[in-house]
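S.K.: sequence below, structure please.
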Amino acid sequence: MIQAIVSGAAGRMGGRIIHMMEGVEGIVLAGAVERPDHPAVGKDVGEVVGLPVKGIKVSGSLNEVLPKGQVLIEFTHPDPSLAHLREVAAAGKAMVLGTTGFSPAQVAEIHALAPRTRLVFAPNMSVGVNLMFKVVADIARVLKDGYDVEIVEAHHRLKKDAPSGTAIKLAQVIAHALGRDLDKVGVYERKGIIGERTQEEIGVQTVRAGDIVGEHTVLFGGIGERLEIIHRAHSRDNFARGAVRAALWVVPQPPGLYDMQDVLELK
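M.R.: Residues are numbered from 1 along each chain as shown. Next up, the predicted model:
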């Protein structure tokens, strides 16, 4: 039985991960973590997330509960996530990391720490989105340079980073499939007299409104036709289920850096 710890346990994603873990064979909640000043600290995690009492109190310190678990599941913010990854790596545990908004320097540190742990690092753990990554890369390789590529993402008004990590990943896999450097061809906003669109640019546009869980559209626009691939998330449960699936998968793996393409055997 895999013993899992959930960081950000009182948050929107943390709570759904704990709910999705209920009844899944082979994994059990062993610990729950929140920031030290969170009002949930010291309370039973079941009561915090709307489940029966579980006999597990929310801790304000990962160091306090890490010995109880084999894998940490984290969807919080970049700074605490990276700090927790350092602790996980030092302890030789496994981690499922779904936090987005990391800086390039932070991503470099994540890659450097990965060989000391078993890490699934993915901007989106939905099965459907990860299939979308594969599909859009295949489409781009077939269409080549004859079609303009635009990505539009929409999320709730509380999301702090933009574009979404999923939109950036979509742009990266398409750029790779087309042999382009995203740092040179990515266009993240348009305003004013901008002139004609270049043939190689990949547009990534952001919408923030209301309570949208997550929507991503990849548009391949040709002359006389367009092809659109769309994923809409109706709740956070599909992300949470993917995170639990990743936790089950990663614990027995050899040390290294993995993503959901590995978990789902899409490579």
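S.K.: hang on, residue 215 packs against residue 229?
M.R.: No - the criterion here is Cβ atoms under 8 Å, and residue 215 misses it with residue 229 at 11.9 Å. From N, CA and C alone the C-beta is placed, and that goes for glycine too.
S.K.: are we agreed that residue 207 is in a helix?
M.R.: No - under the criterion used here (DSSP: H, G, I helix; E, B strand; the rest coil), residue 207 is strand, not part of a helix.
S.K.: where exactly do the strands run in the stretch 1-150 of the chain?
M.R.: 2-7, 27-33, 58-59, 71-74, 94-97, 118-121, 148-155 (DSSP state E, counting those that start in this stretch).
S.K.: residues touching residue 46, list them.
M.R.: 52, 53, 54, 55, 56 (Cβ atoms under 8 Å, 6 or more residues apart in numbering).
S.K.: the same query, at a cut-off of 7 Å, please.
M.R.: Contacts for residue 46 (Cβ atoms under 7 Å, 6 or more residues apart in numbering) come out as 52, 53, 54.
S.K.: cool, residue 138 as well?
M.R.: Taking Cβ under 7 Å, 6+ apart, one finds nothing in contact with residue 138.
S.K.: that older thread, for residue 105, find the nearest of the strands of the stretch 1-150 of the chain.
M.R.: strand 118-121 (15.3 Å; Cβ to Cβ).
S.K.: what's the neighbour count on residue 20?
M.R.: 20 (other Cβ atoms under 10 Å).
S.K.: I figured it hits residue 244, correct?
M.R.: Yes - counting by Cβ atoms under 7 Å, residue 244 is a contact partner of residue 20 at 5.2 Å.
S.K.: overlap in contacts of those two?
M.R.: Counting by Cβ under 7 Å, 6+ apart, nothing touches both residue 20 and residue 244.
S.K.: mind listing the residues bridging to residue 95?
M.R.: Following DSSP bridges, residue 95 is listed with bridge partners residue 72, residue 119.
S.K.: test my guess that it contacts residue 85.
M.R.: Yes - if you go by Cβ under 7 Å, residue 95 and residue 85 touch, sitting 6.0 Å apart.
S.K.: who has more neighbours, these two?
M.R.: Each of residue 95 and residue 85 has its neighbours counted (other Cβ under 10 Å); residue 95 has more, 27 against 24.
S.K.: now that one: how far from residue 264?
M.R.: Distance, residue 95 to residue 264, using Cβ to Cβ, to the nearest Å: 18 Å.
S.K.: which helix or strand contains residue 243?
M.R.: helix 237-250 (DSSP states H and E).
S.K.: helices or strands next to the next helix or strand after that helix in the packing?
M.R.: Later in the chain than helix 237-250, the nearest helix or strand by DSSP H and E is strand 256-258. If you count contacts as 3 or more Cβ pairs under 7 Å, 6 or more residues apart in numbering; DSSP states H and E, strand 256-258 packs onto strand 118-121.
S.K.: what comes up buried for the strand or helix carrying residue 230?
M.R.: Residue 230 belongs to strand 226-233 when assigned by DSSP H and E. Buried residues in strand 226-233, counted by 16 or more other Cβ atoms under 10 Å: 231, 233.
S.K.: how is the protein carved up into domains?
M.R.: 2-121+236-263, 127-233 (automatic domain parsing).
S.K.: just the residues contacting stretch 112-119, thanks.
M.R.: 85-86, 88-89, 92-95, 97, 250-251, 253, 255-258.
S.K.: those residues, buried ones only, as a ChimeraX selection?
M.R.: Isolation of the buried members of these (16+ other Cβ under 10 Å) is achieved in ChimeraX through the command below:
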select :85,88,89,93,94,95,97,250,251,257,258
